[in-house]
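S.K.: Predicted model follows, preceded by the sequence.
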Amino acid sequence: MDMFEVTVIEDPAAAEASLDPMRARLLAALAEPGSATTLAARVGMARQKVNYHLRALEEHGLVELVEERRKGNMTERVLRATAASYVISPVALSSLAPDPAQSPDRLSASWLLALAAKLVRDVGALITGAARADKRVATFALDGEVRFASAADRAAFAEELAAAVTALVGKYHDDQAPGGRTHRVVVAVHPSMKKPADTGAGDSTDTDNDTDSGERN
């Protein structure tokens, strides 16, 4: 079976296993197949301890057996990570996950974070289902930056963006379309994180209530 490009972790125990620093290191190393012996030399740990961590990762479906090789009177198990990368779904947090249905506010950073968590949860579930059915998930995303001269320009941009998205939704939304499928639209604007090399004046991250986000069906 081919390695998945990304796997979304929903099980709390699997999430805990993946967050352990040594196990995370082993997962990264197992992008290419390896055994406890080869990994022990790479990470500088006793083979028995590596085996212990590998068993935990295998138990939670984060690594899988590729082949078994006979070496004298021993059998060497060659393992590989089940995915090139992993994302932990808010589902793993259960009742602690943020709920965007609580106090929706387009200018609230907390609501934006709740929307982002919902996005990870829903798309994660879609990816898992599509992988089982050997299909692709139909998605579209944009990512870019815009530098505003003033807070007033930022507010005007947010209003125009909301109006444009509302108009597009009104144009293409069809409740009665036979065989149609509802899609979720999430639009967000937030300050860019300052890169360590950025030292220009005015480039620091704002902390005022400057986030605009919207969600439409």
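M.R.: Arrived safely, thanks for sending. These figures come from a predicted structure and were not determined experimentally.
S.K.: Now do stretch 43-54: distance to the chain's middle.
M.R.: Offset of stretch 43-54 from its chain centre (C-alpha atoms, centre = their mean, to the nearest Å): 28 Å.
S.K.: Any buried residues in it, and which?
M.R.: Under the neighbour-count criterion of 16 or more other C-beta atoms under 10 Å, stretch 43-54 has 45, 50, 51, 53, 54 buried. C-beta coordinates here come from the backbone N, C-alpha and C atoms, glycine included.
S.K.: One more: stretch 28-47?
M.R.: 30, 33, 34, 35, 36, 37, 38, 39, 40, 45.
S.K.: go on, stretch 4-20?
M.R.: 4, 7, 8, 9, 10, 11, 14, 15, 17, 18.
S.K.: try stretch 81-91
M.R.: When neighbours are counted by 16+ other C-beta under 10 Å, the buried residues of stretch 81-91 are found to be 81, 82, 83, 86, 88, 89, 90, 91.
S.K.: Could I get the buried residues of stretch 4-20 in CSV, plus columns for distance to residue 182 and secondary structure?
M.R.: Formatted as CSV, the entries for the buried residues of stretch 4-20 read as follows, by distance: C-beta to C-beta, whole Å; DSSP: H, G, I helix; E, B strand; the rest coil:
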residue, distance to residue 182, secondary structure
4, 26, strand
7, 26, strand
8, 21, strand
9, 26, strand
10, 23, coil
11, 28, coil
14, 30, helix
15, 29, helix
17, 35, helix
18, 32, helix
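S.K.: For those residues, give me TSV that also has pLDDT and distance to residue 159.
M.R.: What follows is those, written out as TSV (pLDDT from 0 to 100; distance: C-beta to C-beta, whole Å):
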residue	pLDDT	distance to residue 159
4	80	41
7	86	39
8	86	34
9	89	38
10	86	37
11	89	42
14	92	43
15	91	39
17	91	46
18	92	41
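S.K.: Which parts of this structure are helices?
M.R.: Counting by DSSP state H, the chain has these helices, from start to end: 12-19, 21-29, 36-43, 47-59, 109-132, 151-172.
S.K.: coming back round to it: relative to residue 165, which of the buried residues of stretch 28-47 is nearest.
M.R.: Distances from residue 165 to those, taken as C-beta to C-beta, are shortest for residue 30 (41.9 Å).
S.K.: partner residues bridging the residue lying closest to that closest one once chain neighbours are set aside?
M.R.: Leaving aside its chain neighbours, residue 30 sits nearest to residue 81 (4.2 Å; criterion: C-beta to C-beta, 6 or more residues apart in numbering). Here residue 81 sits in beta bridges with residue 63, as judged by DSSP bridges.
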